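Engineer: Sequence and predicted structure are below.
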Amino acid sequence: MLIDEFMPKYDVREHHQIDVAAPPDEVYRAVRTLNLRHATLTRWLFRLRGIPAPPRLTLSDFLRLRFILLGERPGEELLLGLVGQFWRPSGKLQRLDAEGFRTFRRGGYAKAVWNFSLAAGSPSGARLETETRVYCLDKASRRQFRLYWLQIGRVRGLIRREILLSVKREAEEMRRPAA
């Protein structure tokens, strides 16, 4: 998996999954055209950090917010990355490309990867999974990040589940006949 290629070693990991009543290709399309218009908590947390959340909040919006598209295996996995000081209100997010992400080694920062991966579920659906991994680049950043990670624990999981539900809603709406 791409997530293993970019971050085989990590300090923290979080995983969530959801079954979607749509074929894997349609679920992947919903991931690729991510639309978080119904993700109220996610949008609220963006605003709390001073990040303007556009009305739809799409994958393209995430890329403009300094997320990096690290790789993609269409129909199977999409991987995003981010480098910053996530424990700070501003995040001190770095503007990098995929190669810059791979080679970034500056102390005081952490690197995060976030994927969406698909597996066939039932004959009429797919299992959508998301995993987040974070690797801190030195002891001081590891200590600060772990305190932050503990503080946002419940909210962090709610956000991931809300995003999965948004993708599920979009994929399943694609399957419904127009009224």
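Structural biologist: Good, I have the coordinates.
Engineer: most centrally placed residue in the protein?
Structural biologist: Trp114 (4.1 Å; Cα atoms, centre = their mean).
Engineer: residues contacting that one?
Structural biologist: Counting by Cβ atoms under 8 Å, 6 or more residues apart in numbering, Trp114 makes contact with 67, 79-82, 130-132. In short, each C-beta sits where N, CA and C put it, glycine included.
Engineer: After the helix or strand where it lies, heading C-terminal, what element do we hit next?
Structural biologist: When elements are assigned from DSSP states H and E, Trp114 belongs to strand 110-120. Following strand 110-120 in sequence order, the next helix or strand is strand 126-136 (DSSP H and E).
Engineer: contact partners of stretch 15-31?
Structural biologist: 59, 74-76, 78, 116, 118-122, 124-132, 157, 160-161, 164-165, 167-168, 170-172, 174-175.
Engineer: What ranges does this protein have for its helices?
Structural biologist: 2-6, 24-32, 40-48, 59-64, 98-103, 139-151, 153-175 (DSSP state H).
Engineer: surely Gly71 meets Asp97?
Structural biologist: No. Counting by Cβ atoms under 8 Å, Gly71 stays clear of Asp97, with 11.8 Å between them.
Engineer: Tell me which of these two has more neighbours.
Structural biologist: Gly71 (18 against 11; other Cβ atoms under 10 Å).
Engineer: what residues are up against the residue nearest to the more buried one when sequence neighbours are not counted?
Structural biologist: Of all residues not flanking Gly71 in the chain, Leu2 sits nearest, at 4.4 Å (Cβ to Cβ, 6 or more residues apart in numbering). By Cβ under 8 Å, 6+ apart, the contact list for Leu2 reads 70-73, 77, 79, 115.
Engineer: Out of the residues you listed, flag the one nearest to Leu36.
Structural biologist: Asn115 (16.8 Å; Cβ to Cβ).
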